[in-house]
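>>> Following is a predicted model, sequence given first.
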Amino acid sequence: MPYSIFDIATALGLEAQGDTDLEVSGVNEPALAASDELALAMKPEFAAQIADGQAQAAMLWQGADWQALGLRAALLAPRPRHALSGLSAMMDPGPGYGGGIHQSAIVDPSARLGEGVSIGPFSIVGAGAEIGAGTIIGPQCHVGWQSRVGAGSLLHTGVRIGARVTIGARFIAQPGAVVGGDGFSFVTPEPSGVEQVRETLGRENDAEAQSWARIHSLGGVTIADDVELGANACIDRGTVRDTVVGEGTKIDNLVQVGHNVVIGRNCLLCGQVGIAGSTVLGDNVVLGGQTGVVDNIRVGDRVITGAGTMLMANVPAGRAMLGYPATKMDAHVESYKAIRRLPRLFREVAALKKAVSKPGGDG
Amino acid sequence: MPYSIFDIATALGLEAQGDTDLEVSGVNEPALAASDELALAMKPEFAAQIADGQAQAAMLWQGADWQALGLRAALLAPRPRHALSGLSAMMDPGPGYGGGIHQSAIVDPSARLGEGVSIGPFSIVGAGAEIGAGTIIGPQCHVGWQSRVGAGSLLHTGVRIGARVTIGARFIAQPGAVVGGDGFSFVTPEPSGVEQVRETLGRENDAEAQSWARIHSLGGVTIADDVELGANACIDRGTVRDTVVGEGTKIDNLVQVGHNVVIGRNCLLCGQVGIAGSTVLGDNVVLGGQTGVVDNIRVGDRVITGAGTMLMANVPAGRAMLGYPATKMDAHVESYKAIRRLPRLFREVAALKKAVSKPGGDG
Amino acid sequence: MPYSIFDIATALGLEAQGDTDLEVSGVNEPALAASDELALAMKPEFAAQIADGQAQAAMLWQGADWQALGLRAALLAPRPRHALSGLSAMMDPGPGYGGGIHQSAIVDPSARLGEGVSIGPFSIVGAGAEIGAGTIIGPQCHVGWQSRVGAGSLLHTGVRIGARVTIGARFIAQPGAVVGGDGFSFVTPEPSGVEQVRETLGRENDAEAQSWARIHSLGGVTIADDVELGANACIDRGTVRDTVVGEGTKIDNLVQVGHNVVIGRNCLLCGQVGIAGSTVLGDNVVLGGQTGVVDNIRVGDRVITGAGTMLMANVPAGRAMLGYPATKMDAHVESYKAIRRLPRLFREVAALKKAVSKPGGDG
């Protein structure tokens, strides 16, 4: 699917210069670009590599001197990374799942499919389920009993949507993602060692051995519009009410969202983040990779965590947090500098002790 | 499936008061409950919300004044959270997989199925496998060659049980769970850099580059009765003998259990916990979310860890542990308080040095 | 499949002693071995257990006195763990997937299959895909559009290879592994709070709320020969160029490899490791379980990390690293010793202050 530079500029609202009739059939890094590919050199430091490749056109930062780079045409973007969003959508060849309802797919007669829905081989749509117009259900997927997936969604291979899950429009789920597993909720007949330790913070656990009784998850999961869910990521159903993910929130691979969790709008949860049961996240929260959030706390709007942070208590809005346990990012950096200086401090205190212990100590 | 208050009280052994013929068809949070739903107000602080909803009956703590709350009937539970276990089981509408052996399922002629087994679409049961009575195998599952799943079990969609795995009764596996992947066991022809570093704790790794030879996993996995396994969680097979999970142990989503690990009875492994090869856990161990446990150590009975703890050495029975590396929970809390006070300590030592260095130092 | 001691010695290049015609049909731990099983007693400390079992032959360390252990025959290995690699391969009964192309499998007419390829039930091979000779695709797998899997590979159940992925020979993928999910790459129209915080390290995030625009992943994944990928592990496709995994690298369960990452040869990535986007790992890197690596850094050849380490900056070749944030392993151990001694240090400084504040302070 070749596009002219003019086409791209028009579609993305960018400035085009030079021979805008020039056609490109793909994009590439500057040094690797073939003569029919658009080079991406979105910062001045990548410009030199254009000469190493064959590109005749490039997407550049605003104000770039494309002629000096030996190009025939250029797209100039005020924020090239944002322009790449639209450009990559135009150029995406897609997963190639094919259209229509595959003859091997099993769709319950009571399921309602919107116009143009496609369902891949070996996929299953359960009783009473509802699939919005234009949604693509890839191969080997499962949409459970009485669940709803909004219009314009894309489920990649092997996505599993459990029963009684409600999902908005333009949902994207990567392979193996699971929505609506049962919550991890167990209770002992008598107060357990965990309950004791939470109260005493560390007394020996001498609670009598008990076995765990299962609390079934009667709630579902509600996911708003424009959410994306990563490969093999998991969102559990709620105990009584639904687990909730807000509009525009993006969730990366292998993330765990526990039962009853409420996530706000436009959050970003990076790879392997884990959020324990009943915790509430505000809007525009960004959690770095492997961040953990304990159960039953509140994380305010716009909170940002560095990779591997462990949030163990409520966090006010706007905080940048880091560390285990999490502290404000700058305080954490200070603490670690201090820890590195500890050996010297120990030596200094030892010297002081010596000095002071001498009568008339003169250091 | 409506139940009268009397029915519920009888089934769960609870005390019922008021109009016990009143029927409810579901449960809900107090403020959200419809007039035919049972409100769950298991602690006094939730009682006020009953007035915000339509519930005519509620499950309350023992001694609650249900009449003052405007209710027509009440269930009174000495430990309401435990009562919720039985109640939620009664009310669970289930995953809706349907019964019988689906015509698309592939069951090897040599497999033995107990009475009332159901197998979902696109599921596979391998040669010599044995499925206990009443077990539900959901859609798109795989039970491998010569494996056994006990009676009354439930495999949700896409569960993968490898070959030569033995599982007890009432096993529950959430979508995408994997039992019996190969262990991660590799060896170099000559001692590797890892072996060097384990001995020298941090000498530069200048070992010659080598490639890894695979050790095949000849063992299987043995899982006792009443175990639950979370979505996309993984339990690897043993190298020579089986990896073992004890009776009543519950394992959450995205947990990793390495080869040769032995887990005791009634343990709780929260989301994203990882247990490396050949480690042994006692009974009633509770590992908080994202806890890691290194290989070849022993974790005693009743050990409890906070979220994100990293156990790097044997832990005696009954310990509550926290931190990276793990220390006793109270010691860890002390350490972190001390770290926060470090900047002040640095200032104090600097002042002392100044004071002491002055002849006749008078502070 | 019984083998004589002579057969095994010949196949593995080991020394055999005693009655080398003796046949064994399996291997086991010394105490559990039946009379037709080979006992594995690879270190002197396991020798005593041979008497507890029924084994007539054992694999022992070099120089072992097998006659004194009551055995009829012995295999003596200079590095028994390495010998176990070959031995376990001989003894592995395999996953039992069966051969040929299962009649339920869907293979696009344009796909090219090498000689002896087998494809399991409910598996799908997309248009233009290419499968090398002798490769076994297990049940319920998916190989996407225009992807290639090299000769002699083994995909266990439910493995998902996305479109435009290139994989070398002898690839092994455990159940549920995903190659070629989309990268987690999003951008806001204006600079986001994350960009602010990266620059200011912890200023309050007061960025205006914005929503995230998706950057599509136009690149694929390139995996070299002899790579293994664990259960439910994920490797994302690149944004423009491919994500790359080098020859001989082994990746454990639930590992996340982000978009654009480049991993060198013969690396070992243990369970639940996460590598964020665009990071580069050298050769022979070994990352302990739950290690995290932030985006856009370089990790040198032969770097080794302990479990749970978080690499937040470039690491020079050969370093052994530990901790959060990571420091050199020995420095980390020192720091933690110092932290444990902090309470005493606080007491000492308090005493010093008292001493110094007394005129004529004599401690």
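All right, it came through fine. For clarity, every value in this text was computed on a predicted model and none was experimentally measured. Residues are numbered from 1 along each chain as shown, chains lettered A, B, ... in the order given.
>>> what's around A:S335, how many residues?
18 (other C-beta atoms under 10 Å in any protein chain shown). Bear in mind the C-beta positions are built from the backbone N, C-alpha and C, glycine included.
>>> Look up phi and psi at it.
Main-chain dihedrals, A:S335, degrees, to the nearest 10: phi -60, psi -40.
>>> List the contacts of it.
A:S335 is in contact with A:G323, A:T327, B:I339, B:R340, B:L342, counting by C-beta atoms under 8 Å, 6 or more residues apart in numbering or on different chains.
>>> From the chain's centroid, how far away is stretch A:64-76?
Here stretch A:64-76 is found 35 Å from its chain centre; the criterion is C-alpha atoms, centre = their mean, to the nearest Å.
>>> By proximity to chain C, which residue of the stretch 1-150 of chain A wins?
A:G96 (3.2 Å; C-beta to the nearest C-beta).
>>> what's the neighbour count on the closest residue to that residue other than its chain neighbours?
Closest residue in space to A:G96, ignoring its immediate chain neighbours: C:W145 at 3.2 Å, by C-beta to C-beta, 6 or more residues apart in numbering or on different chains. For C:W145, the count of nearby residues is 22 (other C-beta under 10 Å).
>>> Which strand or helix spans C:W145?
C:W145 is part of no helix or strand when elements are defined by DSSP states H and E.
>>> if I pick it, what's in contact with it?
Neighbouring residues of C:W145 by C-beta under 8 Å, 6+ apart: A:P95, A:G96, C:G126, C:A127, C:G128, C:A129, C:A163, C:R164.
>>> now those: which count as buried?
A:P95, A:G96, C:G126, C:G128, C:A129, C:A163, C:R164 (16 or more other C-beta atoms under 10 Å in any protein chain shown).
>>> Return the per-residue confidence for the fourth one.
Just to be clear, that refers to C:G128. Note on C:G128: pLDDT of 97.
>>> unless I'm mixing things up, it is touching C:V143, no?
No: the pair C:G128 and C:V143 does not pass the contact test of C-beta atoms under 8 Å, sitting 10.5 Å apart.
>>> Between the buried ones among the contacts of C:W145, which sits nearest A:V194?
A:P95 (43.5 Å; C-beta to C-beta).
>>> would you say the closest one is within a helix?
No: using DSSP: H, G, I helix; E, B strand; the rest coil, the assignment for A:P95 is coil, not a helix.
>>> For the helix ranked longest in chain A, what does the pLDDT average out to?
The longest helix of chain A (DSSP state H) is helix A:342-357. For helix A:342-357, mean pLDDT rounds to 87.
>>> Show me what counts as buried in that helix.
Judged by neighbour count using 16+ other C-beta under 10 Å, the buried positions of helix A:342-357 are A:L342, A:L345, A:F346, A:E348, A:V349, A:L352, A:K353, A:A355, A:V356.
>>> Now the second one. Nearest residue, chain neighbours left out?
Looking back up the chat, that one is A:L345. A:L345's closest residue in space is B:V349 (C-beta to C-beta, 6+ apart), at 6.2 Å.
>>> In the contacts of A:S335, find the pair that's most separated.
Maximum distance among the contacts of A:S335 (C-beta to C-beta): 13.9 Å, for A:G323 and B:L342.
>>> which intervals of the stretch 201-350 of chain A have sub-threshold pLDDT?
A:201-203 (pLDDT under 70).
>>> Give me the neighbour count for the one residue in it that gets nearest to chain C.
Distances between the stretch 201-350 of chain A and chain C by C-beta to the nearest C-beta are smallest at A:M329, namely 3.3 Å. Neighbourhood size, A:M329 [other C-beta under 10 Å]: 22.
>>> Give me the phi and psi angles of it.
Dihedral angles (degrees, to the nearest 10) for A:M329: phi -60, psi -40.
>>> Residues of the stretch 151-300 of chain A that sit close to chain C?
By C-beta under 8 Å from any C-beta of the partner chain, the residues of the stretch 151-300 of chain A that approach chain C are A:156-158, A:172, A:174-176, A:226, A:228, A:230-232, A:248, A:250, A:252-254, A:265-266, A:268, A:270-272, A:283-284, A:286, A:288-290.
>>> These in strands, which ones?
Using DSSP state E, the subset of these located in strands is A:I172, A:E228, A:K250, A:L268, A:V286.
>>> Make CSV from these and add distance to C:E334 and neighbour count to it.
Below are these laid out as CSV (distance: C-beta to C-beta, whole Å; neighbours: other C-beta atoms under 10 Å in any protein chain shown):
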residue, distance to C:E334, neighbour count
A:I172, 47, 20
A:E228, 43, 23
A:K250, 40, 23
A:L268, 36, 24
A:V286, 34, 22
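>>> Report the buried residues of the strand or helix carrying A:Q17.
A:Q17 is located in strand A:15-18, with elements delineated by DSSP H and E. By 16+ other C-beta under 10 Å, the buried positions in strand A:15-18 come out as A:A16, A:Q17, A:G18.
>>> Contacting chain C as well, which ones from those?
Okay, of these, nothing touches chain C (C-beta under 8 Å from any C-beta).
>>> Out of these, flag the one nearest to C:E190.
A:A16 (22.6 Å).
>>> How about the contacts made by that closest one?
Shown in contact with A:A16 (C-beta under 8 Å, 6+ apart): A:I5, A:F6, A:I8, A:A9, A:A73, A:A74, A:L75, A:L76.
>>> circling back to that earlier point, can you show me the CA trace of the longest helix of chain A as CSV?
The C-alpha coordinates for helix A:342-357 follow below in CSV (Å, rounded to 0.1, in the frame of the first residue of the first chain):
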residue,chain,number,x,y,z
LEU,A,342,27.6,4.7,55.0
PRO,A,343,31.0,2.9,55.1
ARG,A,344,32.7,6.3,55.4
LEU,A,345,30.3,7.4,58.1
PHE,A,346,31.1,4.3,60.1
ARG,A,347,34.8,5.1,59.9
GLU,A,348,34.2,8.7,60.9
VAL,A,349,32.2,7.7,63.9
ALA,A,350,34.8,5.2,65.0
ALA,A,351,37.5,7.9,64.7
LEU,A,352,35.3,10.3,66.7
LYS,A,353,34.9,7.8,69.5
LYS,A,354,38.6,7.3,69.7
ALA,A,355,39.2,11.0,69.8
VAL,A,356,36.5,11.7,72.4
SER,A,357,37.6,8.8,74.6
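>>> Packing partners of it?
Under the contact definition 3 or more C-beta pairs under 8 Å, 6 or more residues apart in numbering or on different chains; DSSP states H and E, helix A:342-357 sits against helix B:342-357, helix C:329-340, helix C:342-357.
>>> Could you figure out how far that helix is turned away from helix B:329-340?
80 degrees (axes from the mean of the first three to the mean of the last three C-alpha atoms, to 10 degrees).
>>> what's the offset of helix A:342-357 from the middle of its chain?
49 Å.
>>> Likewise for stretch A:257-268?
Per C-alpha atoms, centre = their mean, the centroid offset for stretch A:257-268 relative to its chain is 11 Å.
>>> what about that stretch and chain B, any contact?
Yes: using C-beta under 8 Å from any C-beta, stretch A:257-268 reaches chain B at A:G258.
>>> Could you tell me how far A:P95 is located from B:G152?
Using C-beta to C-beta, to the nearest Å, we find A:P95 at a distance of 39 Å from B:G152.
>>> need the contact list for A:V261.
A:D236, A:T243, A:V244, A:I275, A:A276, A:G277, A:S278, A:T279, A:V280, A:L281.
>>> Can you give me the neighbour number for A:E190?
Neighbour count for A:E190, taken as other C-beta under 10 Å: 11.
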